[in-house]
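In: sequence? don't have it. structure:
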């Protein structure tokens, strides 16, 4: 990796996150530490990269303002996962033991999303909010989509 931001996300899953949310930034750091092969890329939800990825996507409304997972599928439109499904699909892509968390996909989505939504709605109050998006270190820049 040369440390430059990635320009095209077509080759790997991309996690779109709330760039000013302390909890979301912590989640990105959590994913990075457990993804040593660099499987996941990242972009703030309010970035041009996120808008490009989401353009024309059939996503539930309102779009979650905390996390979306965009997974490429050769020859098909990308798979878009939101809320608890995004979290579980990300966990499945991390190193052991985190893929075991994916077993929670068996819990009905309305129940999973109810819990997710409670945390997401209160994330600024419980965890805080930054004045700006995180700036990746030079060695992590290639993981962020521009």
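Out: Cool, got the structure. Fair warning: this is a prediction, and the values are worked out from it, not measured in the lab. Numbers count the residues shown, from 1 in each chain.

In: Now stretch 111-126: buried residues?
Out: By neighbour count with 16 or more other CB atoms under 10 Å, stretch 111-126 contains the buried residues 112-113, 116, 120, 123. Where you see a C-beta, it was placed from the backbone N, CA and C, and this is true even at glycine.

In: In helices, which of those residues fall?
Out: Counting by DSSP state H, the buried residues of stretch 111-126 place 112-113, 116, 120, 123 in helices.

In: Let me know the closest of these to residue 21.
Out: residue 123 (5.4 Å; CB to CB).

In: Nearest spatial neighbour of that closest one, chain-adjacent residues omitted?
Out: Take residue 123 and drop its neighbours on the chain: the residue closest to it by CB to CB, 6 or more residues apart in numbering is residue 23, 4.6 Å away.

In: What is the burial count for the one you found?
Out: 19 (other CB atoms under 10 Å).

In: Residue 107 versus that one, what's the distance?
Out: 21 Å (CB to CB, to the nearest Å).

In: got the residue ranges for the strands in this protein?
Out: 14-17, 41-44, 67-73, 76-82 (DSSP state E).

In: Just name the most buried of these.
Out: Sort the strands of the chain by mean neighbour count, taking mean count of other CB atoms under 10 Å, and strand 14-17 sits at the top with a mean of 27.

In: That one: partners in the sheet, and parallel or antiparallel?
Out: According to DSSP bridges, strand 14-17 forms sheet pairs with strand 41-44 (parallel), strand 67-73 (antiparallel).

In: lowest-confidence helix or strand of this protein?
Out: Least confident helix or strand of the chain, by mean pLDDT, DSSP states H and E, is helix 48-54 with a mean of 84.

In: Any buried residues in that one, and which?
Out: 49-50, 53-54.

In: That one packs against which elements?
Out: Judged by 3 or more CB pairs under 8 Å, 6 or more residues apart in numbering; DSSP states H and E, helix 48-54 is in contact with strand 14-17, strand 41-44, strand 67-73.

In: Noted, bye for now.
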